[in-house]
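In: When you get a sec, could you give me coordinates for this:
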Amino acid sequence: MDLLLKGVLIGLAGTVAMDVLDIILNRLIARRRPDWGLVGRWVGHMPKIFHDGIAKAAPVRGEAALGWSFHYGIGVFYGVVFAVLAGSDWFADPSFLPIWLFGLLTISAGWFLLFPGMGLGWAMAKVGHPWRERAWGLLGHTVFATGMWACANLIGGSAGLAS
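Out: Residues are numbered from 1 along each chain as shown. Model (predicted):
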C-alpha cells in the first residue's frame, strides 16, 4: 500500500478516534463537544487569522460543514506528514512512542494558532480553567495518536492486512 494512502488512512482513523472520545465524554460526564461550526467560521474569515472572539464574528454560510471538513482535513494532513516522516519501515512494525510524541506535538497548532485565532488566547489562556482544558486537549491528542497507531497496525504492521 502506498505511503501516502497509509498516511490518509491513519489520519482519518486518528480523527475518528478523537471524535468518538468526544462523544463518550459528552455522554458520561456531559463534557461539551467541540463546536466545529465556530472553527468553520474562523476558516471562513481567512485570511484574517486573529479575532477577539470568533463567536462575535459574522456567521459564514456552511460554517459547520466547513469546520468539520477542516477538522478531518487537518487530521489527514497530520497522518500524511507522520507517514512521510516515519517512512515505510515504521509501518512494517509500528511502535507507539513516535506516533504518540507526534500526536502530542500536533496540539501546538491548536494552542498557538487556532485558539488564539478564535480569541481564546495562547494555549486557551482566556478560557475558564485553562489548565484543565489543556489536559483534555492532551488526552484528545493521545487518543488521536492511539487511533493512528491502531490503524497502522491494521494496514501495515507485521499482522497487517496489506503492505
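In: show me what contacts the residue nearest to the spatial centre of the chain?
Out: Nearest to the mean C-alpha position of the chain, by CA atoms, centre = their mean, lies Gly75 at 5.0 Å. Shown in contact with Gly75 (CB atoms under 8 Å, 6 or more residues apart in numbering): Gly11, Leu12, Gly14, Thr15, Met18, Phe144. Yep, even glycine has a C-beta here, placed from its N, CA and C like the rest.
In: Just these: which are in helices?
Out: Among these, the members falling in helices are Gly11, Leu12, Gly14, Thr15, Met18, Phe144 (criterion: DSSP state H).
In: For the helix or strand hosting Ile99, give the mean pLDDT please.
Out: Assessed by DSSP states H and E, Ile99 sits inside helix 96-105. The average pLDDT within helix 96-105 is 98.
In: Val80 contacts Gly7, correct?
Out: Yes. Val80 lies in contact with Gly7 (CB atoms under 8 Å); the separation is 3.5 Å.
In: Out of those two, name the residue with the larger neighbour count.
Out: Gly7 (24 against 19; other CB atoms under 10 Å).
In: Which strand or helix spans the more buried one?
Out: Judged by DSSP H and E, Gly7 forms part of helix 3-29.
In: got it, and Ala64?
Out: Using DSSP H and E, Ala64 falls in helix 63-92.
In: Make TSV from the contacts of Gly75 and add distance to Pro34 to it.
Out: Converted to TSV, the contacts of Gly75 look like this (distance: CB to CB, whole Å):
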residue	distance to Pro34
Gly11	17
Leu12	17
Gly14	15
Thr15	12
Met18	9
Phe144	13
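In: Of those residues, grab the buried ones for ChimeraX.
Out: Only the buried entries of the contacts of Gly75 go into this ChimeraX selection, using 16 or more other CB atoms under 10 Å:
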select :11,12,14,15,18,144
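In: Reformat the contacts of Gly75 into CSV and put distance to Ala125 and pLDDT next to each item.
Out: Formatted as CSV, the contacts of Gly75 follow (distance: CB to CB, whole Å; pLDDT from 0 to 100):
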residue, distance to Ala125, pLDDT
Gly11, 28, 98
Leu12, 31, 98
Gly14, 26, 98
Thr15, 26, 98
Met18, 23, 98
Phe144, 22, 98
